[in-house]
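J.: I'll drop the sequence and a predicted model, then ask my questions.
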Amino acid sequence: MASNRVIKAKANKNAIAKPISRPAKLASEPSREILEDRLEFVLTCIKATGMKIDMGAVSRHYGISTNAATLRLLRTKEYVAKLVRAREAAQKDDKAQKGDKKPENLED
């Protein structure tokens, strides 16, 4: 005769439910510094090759006036120039700080 008692089964490794799939890692967004470097690179390429930008086509693409597109490019160039100046100033400061350090253990 079967008993009516409930028997608790012990969980083992194989009985534990495992997730079927893991969520895919989202692609990390490039840092602001990387984006600024890429922007500087593109503008340098445009400047170095003397490439002329078709502002009419750009303005049609963005749905803005040609003047607005021209001003956006001008502001972008000014922004990149400001970044370059700041980076060069930081590099000069780093070089100056390294040059100011003198070995302290030298005695006359």
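T.: Sure, I can see it.

J.: list the buried residues for the helix or strand where K82 lies?
T.: If you go by DSSP states H and E, K82 is part of helix 66-100. Buried residues in helix 66-100, counting neighbours by 16 or more other CB atoms under 10 Å, are found at A69, V80. Quick note: C-beta positions are derived from backbone N, CA and C, even for glycine.

J.: that one packs against which elements?
T.: helix 32-49, helix 55-62 (3 or more CB pairs under 8 Å, 6 or more residues apart in numbering; DSSP states H and E).

J.: worst mean pLDDT among these?
T.: If you rank the helices and strands packed on helix 66-100 by mean pLDDT, helix 32-49 sits at the bottom with a mean of 90.

J.: between it and helix 66-100, how big is the angle?
T.: Counting by axes from the mean of the first three to the mean of the last three CA atoms, to 10 degrees, helix 32-49 lies at 110 degrees to helix 66-100.

J.: same for helix 32-49, what does it pack against?
T.: With contacts defined as 3+ CB pairs under 8 Å, 6+ apart, the packing partners of helix 32-49 are helix 66-100.

J.: what is the mean pLDDT for the helix it packs on?
T.: Average pLDDT, helix 66-100: 90.

J.: now the angle from that helix to helix 55-62?
T.: Angle, helix 66-100 to helix 55-62, by the same axes, to 10 degrees: 100 degrees.

J.: circling back to that earlier point, so for R87, which of the helices and strands packed on helix 66-100 sits nearest?
T.: R87 sits nearest to helix 32-49 of all these, at 9.3 Å, using CB to CB.

J.: how about the closest one, which residues are buried there?
T.: By neighbour count on 16+ other CB under 10 Å, the buried set for helix 32-49 is E36, E40, L43.

J.: could you measure from the nearest residue to V84 once chain neighbours are set aside over to T76?
T.: Closest residue to V84 apart from its sequence neighbours, by CB to CB, 6 or more residues apart in numbering: E40 at 6.7 Å. As for E40, its distance to T76 is 10 Å (criterion: CB to CB, to the nearest Å).

J.: check A90 too.
T.: With CB to CB as the criterion, A90 and T76 are 21 Å apart.

J.: noted, bye for now.
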